[in-house]
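> The sequence isn't on hand, but the structure is:
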């Protein structure tokens, strides 16, 4: 029993060590983002969303994920990015926050990457405040930069908005 | 079996099991004080509960055991194996008694004096320092308990010896064998056998035969019920709810297919799920009697405190409902029963006088009716006094006299559900504070229930509460608006009306506001699309959000046409006594839905009570009729009266007045306080006649004089003309206007005093300079004697003195308020003396008080006395205002502290008196 566990575990996580972390990567308006894989419950391709009247603009609506009501957040609106011009399908990443499920609607979801902390950098202080507020830091990949999003801060903006007011 | 008893059995068995384990632990760790305390506490609990339930035999055994434990705890005794076995023996005895108790619901016959005495001797003998007082204690208990039990079940006392003899022969010489002397021997007997060592087997032998069947000593009842975490049940319930929804979904699919091979298994699944749902629901069900348990005690205390004879009849206590609902109605129910006993029932003397039986009845009745629980709370007391309510309604400004006249008795009675409303003349410690029925109503409506009342004066009052069986699954009507579907809880839906231009139900508009004529009533309508700020689906930003392409195009055309069209479905909803219609595009089925809370981000929105997943798997929002009602008009009086008093105080001078804005020929807007206007009518000009040089029209069986405003064009001879109708007592007057513009809630701040006759001045209303019409001027034009005098002069008091006007007649309040504001006073109005005194309580300050004399409740004279006796207000000058001013009144007024006495009609005198009063103050200061 113990042997099999090791056998299956070993090849599955060859890269996990103290210095690497796995991220689900996705793109919004051309920018590369990542969320720690353990935070992600599900990845959905286009899904039927019921819009919610009188809700804040970044709330796209709610959807039914296996009997649970999930609130869909338009990440472009959340991050202050322009409304998507092309009509391509969007995808979403489902994450839990304080017992409630949220679906982060993004342009495309990419692969899961294991990234070494060697390539990690803190947020440049010049980063736009709206980004800095939800970003944990930056990974320097070969071709591009990956912004790590903090799900808690991302979904806790109700408090942030309240505080700002 | 009695619930209390079975609960006791469960609990005690659990306690005993713990004791067994812990005693053994204690034996191993004699110095564990915490363990010892816990053991002692458990034993103590068992003893206490036995005493509470009237189980003397158990109690005495437990007491003796506790006694030993107490000694050990105090350090008087060592934890020795002997002590532990003795206590364990004591536990076994308790257990064996419990077994019989469980089987027969009565304590077994027999007694345990031997065990008790051994326990006592043990406690006493080895803990010698404690002295005889300790020993006496158990016997005393035993004694009194024995007496008690003799009263309760006399034959039990006679039987034990016989049993003792029959079961073992070792006892003949024991004092137990002298039974007929009943209880005293029990006490006497106890010490005697103690020293006799060979008696020891007795207690062990006695229970054995009875206990044999259930070797192991565990109670059967205890085994049959387990304690389960509520959370687990809730989770189970949620899962079952989901299962039900999935089943519904499957059945829906099945309906669309003929001859499916799934039909039979689905049918079975259907049954199984239904039963499962029912079973799980049952786990949450509790008899409503649980919420009533305290009531007999409360009623008993009340009857003593109030000196009334009250009989509380409780029916249907076994009616079960969801524990969540039960928790929520517990307090409202208690409150209502208190109310019935305190307000509802007359005093004993009052009842005799009214020819009723001396003992008043409060009946509490619960039963099931079509998925709901109906709770009826009835009393045969004095009923709700309509006149008192009417006065109070007017005094509190909840409605005008004119409005009241158009109401049915039941509508008037419903005012008791408004905040700050208590008909009890005096505040007792029980009720009369005027908080209560509104809270009751709010709580019941919160769980989707309704409350109705019927009352016959002199006969009694009956409240009927209707609440859903469970909150987890509710029946909801699914509607569609602008392509989105919503659920409306069925409980608040009264009916559905299909409106179209060609049917008799047509949506009409008043200045764009939709209304519907429904069976001789005007039903206010709310357009869901406007309310939700829904765009038509074609304008949707998110293509995925569209639910159903076919429906979308269909709806798009409908909603484009609909903006000003008269078609649509109207969901007639009721919130409390407020009925209104919600305009939607389509109405689907009703569905059973599971209410799920909305995400935290959306929780501020009052319009939704939650969301749910429908049978087809889509998410819909559940509309909250309460939220819609308060967002669209129905002013929550609850806030207005209680909290707002303070707010109003804080924002002094910010009080808003509803003004009716209209136009006459010269087009500049005019306004009158809305409260002055009794009705708005349209008269047919053909019907206008001339009488005595005046335009009159026949109106409600009377001649109503029509008055044209200064600067208005002459009356035309045909067509229709809007008229503002003013009514005071028997008299009615119509003020002819050209157009009614709007009703505006604004603070009335008359800024320019008008020199023109017929206006009190100009105010900025809704951003426009508006002439405020002096209604009094026109009233006197219509009836010369409407007011005694006809003075239009106003005093230009420069200083803004704070003035409190106390008058029960809304008419005069509304008449005087603009007048006095014009004169430079900051006017605050109170509809009754008590309301005015409340302002005093709130720390508000005024420079002068004007008070009416004839008021319901506290008269002006009493009010003045109260003011003069209150140090906070005693120095405020008071001016009396009255319709009649005789010399006697004047004298009495002076005696209680009014500095002046002015006839209501004499405004000049009033302003003069105020001027003088304030001058006096300034002179003095």
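Thanks, I have the structure now. Here the structure is a predicted model, which means the values were calculated and not measured. Numbers count the residues shown, from 1 in each chain, chains lettered A, B, ... in the order given.

> which ones are touching the residue in chain B that chain A sits nearest to?
Going by CB to the nearest CB, chain A is nearest to residue B:532 of chain B, at 3.5 Å. Quick note: C-beta positions are derived from backbone N, CA and C, even for glycine. When contacts are counted by CB atoms under 8 Å, 6 or more residues apart in numbering or on different chains, residue B:532 touches A:53, A:54, B:481, B:482, B:484, B:607.

> What is the neighbour count of the nearest residue in space to residue B:119 that is not next to it in sequence?
Closest residue to residue B:119 apart from its sequence neighbours, by CB to CB, 6 or more residues apart in numbering or on different chains: residue B:64 at 3.9 Å. Using other CB atoms under 10 Å in any protein chain shown, the number of residues around residue B:64 comes to 31.

> need the contact list for the residue in chain A that chain B sits nearest to.
Going by CB to the nearest CB, chain B is nearest to residue A:53 of chain A, at 3.5 Å. Residue A:53 makes contact with B:484, B:532, B:533, B:534, B:607, B:621, according to CB under 8 Å, 6+ apart.

> Which positions in stretch B:237-248 come out as buried?
Residues of stretch B:237-248 classed as buried by neighbour count (16 or more other CB atoms under 10 Å in any protein chain shown): B:237, B:238, B:240, B:241, B:243, B:244, B:245, B:246, B:247, B:248.

> beta partners for the closest residue to the fourth one other than its chain neighbours?
Pointing back at residue B:241 there. Spatial nearest neighbour of residue B:241, excluding adjacent residues (CB to CB, 6+ apart): residue B:594 at 4.2 Å. Beta-bridge partners recorded for residue B:594 (DSSP bridges): residue B:473.

> Was I right to think residue B:594 contacts residue B:240?
No - the criterion here is CB atoms under 8 Å, and residue B:594 misses it with residue B:240 at 9.6 Å.

> Quick one: the helices in the stretch 701-850 of chain B, in order.
With DSSP state H, counting those that start in this stretch, the ranges of helices along the stretch 701-850 of chain B come out as B:775-782, B:810-822, B:833-841.

> tell me the pLDDT at residue 17?
You didn't pick a chain, so chain A it is. Listed pLDDT for residue A:17 reads 51.

> should've been chain B
pLDDT at residue B:17 comes out at 82.

> Kindly list the main-chain dihedrals of it?
Main-chain dihedrals, residue B:17, degrees, to the nearest 10: phi -60, psi -40.

> Any figure for the gap between it and residue B:229?
Residue B:17 is 19 Å from residue B:229, where distance means CB to CB, to the nearest Å.

> element containing the spatially most central residue of chain A?
Of all residues in chain A, the one closest to the mean position by CA atoms, centre = their mean is residue A:35, 4.4 Å from it. Assessed by DSSP states H and E, residue A:35 sits inside strand A:31-36.

> Paired strands for that strand, with orientation please.
Strand A:31-36 pairs in its sheet with strand A:20-28 (antiparallel), strand A:145-149 (parallel), by DSSP bridges.
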